[in-house]
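> everything below, folded, please.
(chains A, B and C)
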Amino acid sequence: MFMGQRKAVGPASVFGSDVIVSGGLVFSAGAVGEDEQGKLVEGTVRDRTKAAMQVVERRLATVGLDWTDVVHVTIYLSKYEQDFAAFNQAYAEGLPKDVPPPVRICVGVAALYAGTDVELSVVAALRETAA
Amino acid sequence: MFMGQRKAVGPASVFGSDVIVSGGLVFSAGAVGEDEQGKLVEGTVRDRTKAAMQVVERRLATVGLDWTDVVHVTIYLSKYEQDFAAFNQAYAEGLPKDVPPPVRICVGVAALYAGTDVELSVVAALRETAA
Amino acid sequence: MFMGQRKAVGPASVFGSDVIVSGGLVFSAGAVGEDEQGKLVEGTVRDRTKAAMQVVERRLATVGLDWTDVVHVTIYLSKYEQDFAAFNQAYAEGLPKDVPPPVRICVGVAALYAGTDVELSVVAALRETAA
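Next comes the predicted model:
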């Protein structure tokens, strides 16, 4: 079993890889509410929250995982007071049922990529066991 | 030894678990300056810093750890210029003596939960050894 | 092999250690664009981005690592709209060539240490393998 071996998975730009697996953990790049063509979804923060969760889901699928494997989520909102309730509802709806949810922290920031309103930074855990 | 097994500990709401243990690390939900009944503490950022550190302490105790096991702290302040000095003093006072402190990063954000002024995102490490 | 053993490396102040090694991961304290004497570098966000990346490089060297071992970077910009493009260019230039880059998330915040414009929170992975 390799500990600490850093392995990038999936597309990468010069700015960052989408997913890196290391030491039993899976790090995902910041996920905004974009569609599969990389275009920000129109509509509300609710729509973009669901889209961002789907971005995460697609990335986790590249390493055989899903939202049940997520351990930690940092949520950044650029219009916190205005959007917190709607974000929260969409997020809770998007989480898998019947498993304990990830731990999270949600903060209001001044600005996000392309002026968007919600971005997720997610860490998941591999399912492997080691003797 | 299970690597990557994700185990939630303690109370969870539909929005997030309090503590998740995975791969030798312990992830704690965002901790604000609230008392044991979940009510934000009155007073100053100093009071709420100490209360938030106590929230973390109670959560770590559920997995047999304490502040000497913390490896990383992200500190979010919603009134950074105004509160940084007072926060810093309260934080240093709350850290265990005679052990190297956790690494940290402290940033000023636009907004936090319920309009509060300080929130901590903490990662700790289990004490187990594995052959 | 020790799992979860928390080991601080290098200088520490009462506020935080520079580097902690735990469970195959290496956590680095928030890195701003300062020179080796701890003074913020004059010039532009580009200059301070390169300086911050060099701070990280020096810290990783204390545990035998370099930027090729970095798995995750959280980037905080206090003047996001104004500085994002210049930061991005300096960051991409500073990354090692010919290896997949770390995953990252970049957010605009309200304030950073000493009024600076860029700060990096970096996690790297040890190169060891374990049976």
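> what is the least confident helix or strand in chain A?
strand A:7-12 (a mean of 75; mean pLDDT, DSSP states H and E).
> by contact count, what packs against the top helix by length along chain A?
Scanning chain A for the longest helix, with DSSP state H as the assignment, gives helix A:45-61. Judged by 3 or more CB pairs under 8 Å, 6 or more residues apart in numbering or on different chains; DSSP states H and E, helix A:45-61 is in contact with strand A:17-22, strand A:25-28, strand A:31-32, strand A:70-77, helix A:80-94, strand A:118-125. Glycine gets a C-beta too; all of them are placed from N, C-alpha and C.
> which of the three states applies to the residue nearest to residue A:30 when sequence neighbours are not counted?
Spatial nearest neighbour of residue A:30, excluding adjacent residues (CB to CB, 6 or more residues apart in numbering or on different chains): residue C:105 at 3.2 Å. The local conformation at residue C:105, judged by DSSP: H, G, I helix; E, B strand; the rest coil, is strand.
> which residues does residue C:105 contact?
A:29, A:30, A:74, A:76, A:119, A:121, C:73, C:74, C:75 (CB atoms under 8 Å, 6 or more residues apart in numbering or on different chains).
> looking at the residues you listed, which is nearest chain B?
Closest to chain B out of those is residue A:74 (7.0 Å), distances taken as CB to the nearest CB.
> quick one: name the residues of chain A near chain C.
A:1-6, A:8, A:12-20, A:22-25, A:27-30, A:74, A:76, A:78, A:109-113, A:119, A:121 (CB under 8 Å from any CB of the partner chain).
> which PyMOL command selects the buried ones in the residues you listed?
In PyMOL syntax, the buried subset of those is picked out as below (16 or more other CB atoms under 10 Å in any protein chain shown):
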select buried, chain A and resi 3+4+6+8+12+16+17+18+19+20+22+23+24+25+27+28+29+30+74+76+78+109+110+111+112+113+119+121
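> where does pLDDT dip in chain A?
Residues of chain A that meet the criterion pLDDT under 70 lie in A:1-5, A:10-11, A:128-131.
> excluding chain neighbours, what is closest to residue A:95?
Counting by CB to CB, 6+ apart, the residue nearest residue A:95 is residue A:101, at 5.1 Å.
> contacting residues for the closest residue to residue A:13 other than its chain neighbours?
Nearest non-adjacent residue to residue A:13, counting by CB to CB, 6+ apart: residue C:101, 7.8 Å away. Contact analysis of residue C:101 by CB under 8 Å, 6+ apart lists A:8, A:12, A:13, A:14, A:15, A:16, A:17, C:95.
> list just the nearest of the residues you listed to residue B:42.
residue A:16 (42.5 Å; CB to CB).
> does the closest one touch residue C:91 like I think?
No - with contact defined as CB atoms under 8 Å, residue A:16 and residue C:91 do not form a contacting pair (9.2 Å).
> around residue A:37, how many other residues sit close by?
5 (other CB atoms under 10 Å in any protein chain shown).
> and it, how far from residue C:75?
25 Å (CB to CB, to the nearest Å).
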